[in-house]
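S.K.: mind looking at a prediction? Sequence and model below.
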Amino acid sequence: MGALDHKLVFAFAFLAVMVPVLRANIADFDEVWQKRAEEAKKAAMEAYEPDPDKVAEDFNQRVHEDMHESNNTRRSLKRSKGGCLATNPIDRCWRCRKDWANHRKRLANCALGFGRGTTGGKAGKIYKVTDPSDDNLLNPKPGTLRFGVIQPEPLWIIFAHNMVIRLSEELIMTDNKTIDGRGANVHICDGAQITLQFVKNVIIHGIHIHDTHPGNGGLIRDSLDHFGVRMQSDGDGISLFSATNVWIDHVSMSHCYDGLIDAIEASTAITISNCHFTRHNEVMLFGGSDSYSDDARMQITVAFNHFGQGLVQRMPRCRWGFVHVVNNDYTHWLMYAIGGSQHPTIISQGNRFIAPLDPDCKEVTKRDYAPESVWKSWTWRSEDDLMLNGAFFVESGSPIRNVNKNNVIKAKPGTFVTRLTRFAGALDCVKGKPC
């Protein structure tokens, strides 16, 4: 019997006694995965921001500075009849350059919020995906997306042309990678999810993810020098499990089997920005269990996104951590927009909330598994949000920190949101022109 057969026999025998302690679809939690888990825990501790309010304030200041600069630019553009269409500080960091395709890695300087400092594959070479196939999970072909994401070194991954990629099983990424879809129309759909498990420093930008479903599991290579047996994957769009320093930007997502984006098991230092979400029930889950208190160090920024048609709930649903929800456009929901349990801190600033017609679903917020006598101490605050069609946000806990008002820049009011989110989702970038 060969080494591969031995590994299969051991793994499935192992399942009989180890099912209760499986970790995120890993059948054989071997020494490699144990080491990754320890490294991920260390990375999360290092990334933890002891003063999250300061990060939120810094974000808001950048928006104000950018809007002031943008207003001055617009006055000059009325005379020059041209210029850049970028409408928020993340986009204005890179979109106005005609040479973006020759200097793609400038994008790595543009993250704001808790995911700031995420550089992805900036320190590595450009890797070009030329082959949309995904038919060899143990020995991926050079030129495929799967081959690129398992390499040990930093890589900036781009696409040679428009393509549809159907993932045969979950795509397990390694540290220090950027998936950059600019300049091509890239759809990851009708297959399995993207998995960021025990990894750090990943950027996902400019692609479409939709119609994913659970993978069957089996033997999957998760790095150049390791493979193992995986259980069935959840069918998320993007799954973060103990992932640190992740920036998801300008991604269009819809109709996945489970969540569009799930971040659990102390994933932290995350920014989700400029994305367009449609046609989905449970949109985003931050924190997977009321009993997993390590999620208290989870810190996530949700900014400049458009929550659009056909959405039902969880935009996001939070447990334990600190979530800054700022300058997003909530044009559709059927049940509620923002929910949670286990006393997360949720700071909602400068969003636009348009309630559905159903008179029983006007409330933006939903608290689970706690009576009012308990949740009234949770810090859920709304500041300068624009409430339309009867929408209302039930606040609780202490007001946003009372600091010297001369030093604090407030978020742009919700009246600015349509401008700030105008280009949410994957962009149609053309080489030689501002994007």
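M.R.: In hand now; what should we look at? Residues are numbered from 1 along each chain as shown.

S.K.: which stretches in the stretch 301-435 of the chain count as strands?
M.R.: 306-307, 311-313, 317-319, 322-326, 329-330, 338-341, 345-349, 352-354, 365-367, 380-383, 386-388 (DSSP state E, counting those that start in this stretch).

S.K.: partners of the first one, with directions?
M.R.: What it means is strand 306-307. The strands that strand 306-307 pairs with in its sheet are strand 276-278 (parallel), strand 329-330 (parallel) (by DSSP bridges).

S.K.: quote the end-to-end distance of stretch 380-400.
M.R.: In terms of C-alpha to C-alpha, to the nearest Å, the two terminal residues of stretch 380-400 are separated by 9 Å.

S.K.: wait, I meant stretch 220-233
M.R.: Counting by C-alpha to C-alpha, you get 12 Å between the two ends of stretch 220-233.

S.K.: ok, and for that stretch, which residues are buried?
M.R.: By neighbour count with 16 or more other C-beta atoms under 10 Å, stretch 220-233 contains the buried residues 220-223, 227-231, 233. C-beta here means a position set from N, CA and C on the backbone, and glycine is covered the same way.

S.K.: repeat that for stretch 137-146.
M.R.: Of the residues in stretch 137-146, those buried by neighbour count under the rule 16+ other C-beta under 10 Å are 137, 140, 144-146.

S.K.: okay, the residues you listed in JSON lines with pLDDT and distance to residue 112 next?
M.R.: Compiled in JSON lines, those are given as follows (pLDDT from 0 to 100; distance: C-beta to C-beta, whole Å):
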{"residue": "137", "pLDDT": "98", "distance to residue 112": "36"}
{"residue": "140", "pLDDT": "98", "distance to residue 112": "34"}
{"residue": "144", "pLDDT": "98", "distance to residue 112": "32"}
{"residue": "145", "pLDDT": "98", "distance to residue 112": "27"}
{"residue": "146", "pLDDT": "98", "distance to residue 112": "30"}
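
S.K.: now, the most widely separated pair of those?
M.R.: Taking every pair in the buried residues of stretch 137-146 and measuring C-beta to C-beta, the maximum separation is 12.4 Å, between 137 and 145.

S.K.: ok, so of the buried residues of stretch 220-233, who is nearest residue 277?
M.R.: Nearest to residue 277, judged by C-beta to C-beta, of the buried residues of stretch 220-233 is residue 233 at 20.3 Å.

S.K.: does the closest one lie in a helix or a strand, and which?
M.R.: Following DSSP states H and E, there is no helix or strand that holds residue 233.

S.K.: verify the contact between it and residue 220 for me.
M.R.: No: in terms of C-beta atoms under 8 Å, residue 233 does not count as a neighbour of residue 220; the distance is 9.5 Å.

S.K.: between those two, which contacts overlap?
M.R.: Here residue 233 and residue 220 share the contacting residues 169-170, scored by C-beta atoms under 8 Å, 6 or more residues apart in numbering.

S.K.: quick revisit: could you list which of the buried residues of stretch 137-146 belong to helices?
M.R.: Under the assignment DSSP state H, the buried residues of stretch 137-146 contribute 145-146 to helices.

S.K.: residue 349: what's it in contact with?
M.R.: With C-beta under 8 Å, 6+ apart as the criterion, the residues that contact residue 349 are 56, 60, 324-327, 382-385, 410-411.

S.K.: how close does it get to residue 398?
M.R.: Taken as C-beta to C-beta, to the nearest Å, the spacing of residue 349 relative to residue 398 amounts to 15 Å.

S.K.: residue 100 - how many residues pack around it?
M.R.: 21 (other C-beta atoms under 10 Å).

S.K.: number of nearby residues for the closest residue to it other than its chain neighbours?
M.R.: With C-beta to C-beta, 6 or more residues apart in numbering as the measure, residue 435 is the residue that lies nearest to residue 100, at 5.5 Å, once sequence neighbours are left out. Applying the criterion other C-beta under 10 Å, we find 23 residues in the vicinity of residue 435.
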